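Student: take a look and give me a structure for this.
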Amino acid sequence: MAEQIRCGWCGTDPLYVKYHDEEWGKPVYDDKVLFEFLILEGAQAGLSWITILKRREGYKKAFADFDVQKVAAFTEADEERLMNDPGIIRNKLKVKAAITNAKLFIAIQKEFGTFADYMWGFLPNKQPILNNVLSMKDVPARTEVSDAISKDMKKRGFKFFGTTICYAHMQATGMVNDHVVDCICR
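Tutor: Got it, this is the predicted structure:
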């Protein structure tokens with residue numbers, strides 16, 4: 001049997017391989033999943049993605065199963081609870097940003113119908129961008145599209161969603177497909 005080739009970044013960690021094979025680069029139009037990745041990508045700022053993946057269940061519990069309405073209604077008591085939760089990254093700025101971003105996420109839903117319509121609206125014909133990636137060194141950290149989305153979201157008040165985090169969000173939710181050309185998931 002021939003060896004299956006994957007993008008080099010996922011290595012052999014079963015959690016990383018599962019995420020790579022089942023989620024990364026697959027188009028997402030479900031607002032709940034988009035909100036989940038907004039929370040997770042914001043938490044990841046300055047850390048490795050595997051660190052966040054290993055805490056994903058902790059985030060799911062801590063952030064009301066990624067129910068944006070519930071997270072938007074979190075109080076100072078909830079912030080305190082989150083700051084004492086060992087299942088997540090306990091960074092006060094990131095915790096506050098998650099709650100603020102939930103409120104802004106809802107505002108975008110009201111304006112555009114869905115958060116997915118807003119995000120995908122930045123792409124030509126609302127179609128995923130398929131990059132011709134020969135090796136991981138060909139993958140950009142940001143693009144003009146991630147710059148535009150990040151700039152608009154920052155203007156709306158979003159926190160922890162700079163262009164690099166935005167591009168990672170785009171990869172995670174399949175707005176862009178950066179699987180290397182010989183990857184089994186391409």
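Student: flag the shaky bits of this protein, pLDDT-wise.
Tutor: Scanning the chain for pLDDT under 70 picks out the ranges 1-2.
Student: all helices of it, in order?
Tutor: All helices of the chain, identified by DSSP state H, fall at 14-22, 31-44, 49-53, 56-62, 68-72, 76-83, 92-112, 115-120, 144-156, 163-172.
Student: turn these into TSV, including mean neighbour count and distance to residue 130.
Tutor: For glycine as for every other residue, the C-beta is placed from the backbone atoms N, C-alpha and C. TSV is the format used below for those (neighbours: other CB atoms under 10 Å; distance: least, CB to CB, whole Å):
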stretch	mean neighbour count	distance to residue 130
helix 14-22	14	17
helix 31-44	22	20
helix 49-53	17	21
helix 56-62	16	27
helix 68-72	17	29
helix 76-83	14	38
helix 92-112	18	24
helix 115-120	21	15
helix 144-156	16	13
helix 163-172	22	12
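Student: residue 133 is nearest to which of those?
Tutor: helix 163-172 (10.7 Å; CB to CB).
Student: same for the closest one, what does it pack against?
Tutor: Applying 3 or more CB pairs under 8 Å, 6 or more residues apart in numbering; DSSP states H and E, one finds that helix 163-172 makes contact with helix 31-44, helix 144-156.
Student: about what we covered before: the helices of the chain: which one's closest to residue 179?
Tutor: Nearest to residue 179, of all the helices of the chain, is helix 14-22, at 8.4 Å by CB to CB.
Student: which neighbouring elements make contact with that closest one?
Tutor: helix 49-53.
Student: any idea how far the helix it packs on is from the chain center?
Tutor: 11 Å (CA atoms, centre = their mean, to the nearest Å).
Student: appreciated, that's everything.
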